[in-house]
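Visitor: Just to be clear, the model below is a prediction. Sequence and coordinates:
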Amino acid sequence: MSEELSPADFVTLFRSVAPYVNLFRGKTFVIAFGGKAIAGPLARTLAYDVNLLAALGIRLVLAHGARPQIEEELREKDLPSAYHGRYRVTDAATLDCVIDAVGSVALEIEGLLSQGLPDTPMANSTIRVVGGNFITAKPVGVLDGVDMQYAGQVRKVDAEGIRAQLGIGNIVLLSCLGSSPTGEIFNLAMEEVAEAAAIALGADKLIYMADSRGATDIDGSLLDELTSDAAERLLRIGDWLSNDLKRYLPCAVRASRSGVGRVHLIGYDEDGTLLRELFSRSGVGTVITRESLDKLRDARPDDIGGLVALIEPLEEEGTLVRRSRELLEREITQFSVIEHDGMIVGCAALYPYSESQAELACLAVHAEFRRWGYGEKLMKHIEARARAAGVRRLFVLTTVTAHWFRERGFVEAKVADLPSEKRLVYNLQRRSKVFIKTL
């Protein structure tokens, strides 16, 4: 039996989600998933999570594929399965299989989103799912001498029509089929449909659910965040990436560069990955942005609230000296901060003294982000500021992080080695250790 959250943990968790509820309401998300996600054991709970997002006021566009279902149709009819590059070679007989498989998957998705039993998370909910001719297609043509026949690409997205449906609370369902102006039907790549829709709508998020938990390094470690440039470099060298990621990454890069706010790559084979990625700071997959989510900058007066929230827990446990809000306001120009996706997650201050000396003070990093190396970045930034100001010796007072500073080139010293101004206000009760680094 799984352990239930304590009342305090439940309240804390529920409150931590509130900022995302406010942030996401009225925003447009495009969620893309292949036929494997629908054929897998977690399709039902994925529908629950989609329902929850819709209930929170998020405007949803779903783009689905049907690769395994198409393969099954081809096997049943004893037809070959052929690819050239990233497209399926689609003759008339294959297209019939594609149409049957895609229609079956679309009906299954609609059924999953229509659940309303009293003992399910979708009780008392009404979700309207709308499909239609929102995608205009064009033929791929002949590639490297191979006639792709009914394999197609996205020519146009009816963004106005999709927005109209989203505006009245409907979920829009896009398949991997599209019609041309001449009435022909083409087999499209699901990931390209999702990319084109996200760009045309100016979506706030494009989410690909893949056969991998996200983009990984060569050793298998998850890459939490990538810029579009870094993702493009990874694609060139990443032979170890999964098949889905090799198809989705190029679309993710193009979408990011074309104005989509965030592109997420998450796995579909773990329950709740969609919610965990969207409603937690650290997420569970890879987020791709045009520019880095991290910003190291000088603090501003409107950062006071964020600084107070960051350092108060460390003041309570005695790691940092207490600073009043008024003192922070007066000394805000001494501070530098690291901002991650709009949240202040780290800070440090530089206080100059006589004789070309300065203090590195109030170095703090949010507990959830300490593994990301933000403390080291802040320290190096303060050292650079100190050098630019002509400081030759940087000192720090600490009660619990002596080893951390020693490992980074600081040498233990005595209170008598501090500048005279600092010695006069040294707190004998805290008995902080003194460390000095020559710059």
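Guide: Structure's in. What do you need?
Visitor: where do the helices sit along the stretch 251-400 of the chain?
Guide: Here the stretch 251-400 of the chain has its helices, by DSSP state H, counting those that start in this stretch, at 273-278, 304-316, 325-330, 374-388.
Visitor: And the stretch 1-150 of the chain, by the same measure?
Guide: Counting by DSSP H, counting those that start in this stretch, the helices of the stretch 1-150 of the chain are 7-24, 35-39, 43-55, 67-76, 92-112.
Visitor: which secondary structure element contains Tyr248?
Guide: For Tyr248, the element it lies in under DSSP states H and E is helix 243-257.
Visitor: Let me know the angle separating that helix from helix 67-76.
Guide: Using axes from the mean of the first three to the mean of the last three CA atoms, to 10 degrees, the direction of helix 243-257 lies 130 degrees away from that of helix 67-76.
Visitor: for the helices of the stretch 1-150 of the chain, which one sits closest to Asp244?
Guide: When the helices of the stretch 1-150 of the chain are compared by CB to CB, helix 35-39 sits nearest Asp244, at 8.6 Å. The way it works is simple: take the backbone N, C-alpha and C, and place the C-beta from them, glycine included.
Visitor: who are the neighbours in contact with Met343?
Guide: Contacts for Met343 (CB atoms under 8 Å, 6 or more residues apart in numbering) come out as Arg281, Gly306, His366.
Visitor: domain parsing for this protein?
Guide: Per automatic domain parsing, the structural domains of the chain span 7-289, 294-438.
Visitor: Tell me which of these is the most buried.
Guide: domain 7-289 (a mean of 18; mean count of other CB atoms under 10 Å).
Visitor: Could you tell me the end-to-end distance of it?
Guide: 37 Å (CA to CA, to the nearest Å).
Visitor: and it, average pLDDT?
Guide: Averaged over domain 7-289, pLDDT sits at 93.
Visitor: Next: stretch 406-417.
Guide: Stretch 406-417 carries an average pLDDT of 93.
Visitor: repeat for stretch 306-317
Guide: Mean pLDDT, computed over stretch 306-317, is 91.
Visitor: And the closest residue in space to Arg257 that isn't next to it in sequence, how close does it get to Val154?
Guide: Leaving out its chain neighbours, the residue that sits closest to Arg257 by CB to CB, 6 or more residues apart in numbering is Ser228, at 5.2 Å. Separation of Ser228 from Val154 (CB to CB, to the nearest Å): 20 Å.
Visitor: Return the closest of the contacts of Met343 with respect to Trp372.
Guide: Closest approach between the contacts of Met343 and Trp372, by CB to CB: His366, at 9.7 Å.
Visitor: Return the residues in contact with the closest residue in space to that closest one that isn't next to it in sequence.
Guide: With sequence-adjacent residues excluded and distances taken as CB to CB, 6+ apart, His366 is closest to Val345, at 4.3 Å. Taking CB under 8 Å, 6+ apart as the contact definition, Val345 lies against Leu310, Ile338, Glu339, Val365, His366, Glu368, Phe369, Tyr374.
Visitor: same check, this time on Gly85
Guide: Going by CB under 8 Å, 6+ apart, Gly85 touches Leu143, Asp144.
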